[in-house]
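[1] mind folding the following:
(2 chains)
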Amino acid sequence: MFRNQYDTDVTTWSPAGRLFQVEYAMEAVKQGSAAIGLRSKTHVVLGCVNKANSELSSHQKKIFKVDDHIGVAIAGLTADGRVLSRYMRNECINYSFTYESPLPVGRLVVQLADKAQVCTQRSWKRPYGVGLLVAGLDESGAHLYYNCPSGNYFEYQAFAIGSRSQAAKTYLERRFESFRDASRDDLVKDALMAIRETLQGETLKSLVCTVAVVGVGEPFHILDQGTVQQMIDAFEIVAEQEGPAAEPDTEAGQEASAEPEPEQGAAAGEGVAPMDI
Amino acid sequence: MFFFSLMQFTASKQPENCLLGPESDSQRTLYPYVTGTSVVALKYKDGILMAADMGGSYGSTLRYKSVERMKPIGKHSLLGASGEISDFQEILKYLDELILYDNMWDDGNSLGPKEVHNYLTRVMYNRRNKFNPLWNSLVLGGVKKGEKYLGTVSMIGVNFEDNHVATGFGNHLARPILRQEWHENLSFEDGVKLLEKCMRVLLYRDRSAINKLQIAKITEEGMTISPPYSLKTYWEFAAFENPTQGAVGSW
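    From the prediction side, this is the model:
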């Protein structure tokens, strides 16, 4: 996208009928580190890649619990994401207080979308620079939504946002038909595999990612690193036995997945910065 | 049995430190005018049964005799009210708006009896805190997804759920009967018989009761309300013949 004379403020249309500021906001989402979500009839899993600014710093928190039955993963301007999470938490808690019942996720998502739309139609505001994957339960089962800075929202069986999300999306597109009736554990496994796709050769270990689950009878919670590492180890072994043919590569340099874990494990702390690739 | 425990200022001037808010020409509710008497309700096998007579009293005068004190709310709930009739109509307006907005979402989710009950609790309690109560005792019953729900809210915001509830005189005369004779999975006929037993006692003993009542039923399928009818009464008890014989004193 190049600069042009119609992109100065959000309330200016281009002759082609575009709002460039809104599109630039969506670019910000594409630059953030990846977040993925997938759902079955009864469970939704969210995952994200933990990218730290430097080796010295910790990574940013990208998955937020909004209520026992709703959680959100963000990509883009994390500050904007925090503010929207706070809004969502507020809405949920107010609804719970008045009705003693959980706010249906579908309604929360619409409120969020309407809030984002306001920022695309006021000259003194700017669009939120964050994309949200909202996972939640309501009367009709488990749902996964994607909320855009444009004020649009869509429901998905599975989706990925952020940098290198296309790799994850390709993986999810191949496998999504099996998600509806998948077990909770299979769903988490698929989430980890999708995260791995976005890492482009870097080894998948629990340090690098965060996974959260919500389901019928299971309140939203982030899985602890130990559990995640165990699940990674479990399917890494299976992948080894099957050989690389079982998972067709979309990038070059995917041979890391076939190599035994311990070698990479030793070099854990000194990981290569993903941006270098 | 009305509570008049509010302070009365002779001149309408509030002291400096008063937290009651601006006064202007409007007034807060001080006393009820047209009132309905008890509502009684119980859970039975398929849902909820509720009974209320059709009287609207103006003080001690039985002025209005066709007042419907039970109304359906949305698809899943039934509301019965005793107390000030105009406040009940106000509540129906609030609920109408609530259900309208709920339906406008058009998303497969709907407010069930539990949600409506809690919403009403919030409304009643908030009004009480502003010293401007809605002078009602409400009974909210319903069925959603097979789950039966029966609750009550008072004018000061006291709320709870139970297998059988009543308002006003019903608490003193009907509840004891229900405590003895209610059990799980009452049939429709047994439920109606039990409610009629309670309403008959109320008719005999509550001055503001009239012999014209309706019984409403709500189940998963929906709500039906019976046409008005009256209970058979018996006045030939020997004790009624010379009621003052043997009574000591002049009162």
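
[2] helices along chain A, start to end?
    A:20-31, A:78-99, A:105-118, A:165-175, A:184-199, A:225-242, A:261-266 (DSSP state H).

[3] closest to chain B out of those helices?
    Closest approach to chain B among the helices of chain A (C-beta to the nearest C-beta): helix A:78-99, 4.0 Å. Every residue, glycine included, has its C-beta placed from N, CA and C.

[4] let me know the angle separating the closest one from helix A:20-31.
    100 degrees (axes from the mean of the first three to the mean of the last three C-alpha atoms, to 10 degrees).

[5] so is helix A:78-99 next to chain B?
    Yes. Helix A:78-99 comes into contact with chain B (C-beta under 8 Å from any C-beta of the partner chain), by way of A:97-99.

[6] ChimeraX command for the buried members of those residues?
    Buried residues within the residues of helix A:78-99 next to chain B, by 16 or more other C-beta atoms under 10 Å in any protein chain shown, are selected in ChimeraX with:
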select /A:99
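
[7] between the residues of helix A:78-99 next to chain B, which sits nearest B:Glu161?
    A:Tyr99 (14.5 Å; C-beta to C-beta).

[8] ok, now how distant is that closest one from B:Tyr119?
    When distance is defined by C-beta to C-beta, to the nearest Å, A:Tyr99 is 6 Å away from B:Tyr119.

[9] for A:Ala135, what are its contacts?
    A:37, A:39, A:44-46, A:70-73, A:105, A:142-144, A:212, A:214, A:220 (C-beta atoms under 8 Å, 6 or more residues apart in numbering or on different chains).

[10] which non-adjacent residue is nearest the residue in the stretch 101-250 of chain A positioned nearest to chain B?
    For the stretch 101-250 of chain A, the residue closest to chain B is A:Pro104, as judged by C-beta to the nearest C-beta, at 4.2 Å. Distance criterion C-beta to C-beta, 6 or more residues apart in numbering or on different chains; nearest residue to A:Pro104, sequence neighbours excluded, is A:Asp138 at 3.7 Å.

[11] can you pull the pLDDT of that neighbour?
    For A:Asp138, the pLDDT comes out at 88.

[12] with the one 10 residues further on instead?
    We note a pLDDT of 96 for A:Cys148 in this prediction.

[13] residues in contact with the spatially most central residue of chain A?
    Nearest residue to the geometric centre of chain A (C-alpha atoms, centre = their mean): A:Ala35, 2.3 Å. Counting by C-beta under 8 Å, 6+ apart, A:Ala35 touches A:46-49, A:62-63, A:73-75, A:131, A:133, A:160-162, A:165.

[14] same deal with A:Leu112?
    Contacts of A:Leu112 (C-beta under 8 Å, 6+ apart): A:84, A:87-88, A:132, A:134, A:147, A:153.

[15] with A:Arg175 instead?
    Neighbours of A:Arg175 in contact, by C-beta under 8 Å, 6+ apart: A:158, A:190.

[16] any idea how many residues pack against residue 47?
    All of this is about chain A. 31 (other C-beta atoms under 10 Å in any protein chain shown).

[17] hmm, no, I was thinking of chain B.
    Neighbour tally, B:Gly47, other C-beta under 10 Å: 24.

[18] isn't it right next to B:Glu220, touching?
    Yes. B:Gly47 is within contact range of B:Glu220, at 6.9 Å (criterion: C-beta atoms under 8 Å).

[19] who touches both of the two?
    With C-beta under 8 Å, 6+ apart as the test, B:Gly47 and B:Glu220 both reach B:Val143.

[20] can you list the weak-confidence ranges in the stretch 101-250 of chain A?
    In the predicted model, the stretch 101-250 of chain A carries pLDDT under 70 at residues A:237-250.

[21] same thing but 50
    A:245-250 (pLDDT under 50).

[22] and what of the stretch 1-150 of chain B?
    B:1, B:5.

[23] which residues does the helix ranked longest in chain B contact?
    Across chain B, the longest stretch assigned as helix under DSSP H is helix B:85-105. When contacts are defined by C-beta under 8 Å, 6+ apart, helix B:85-105 is touched by residues A:106-107, A:110, B:29, B:32-36, B:56, B:64, B:67, B:69, B:71, B:73-74, B:79, B:81, B:110-111, B:116, B:119-120, B:123, B:134-136, B:138.
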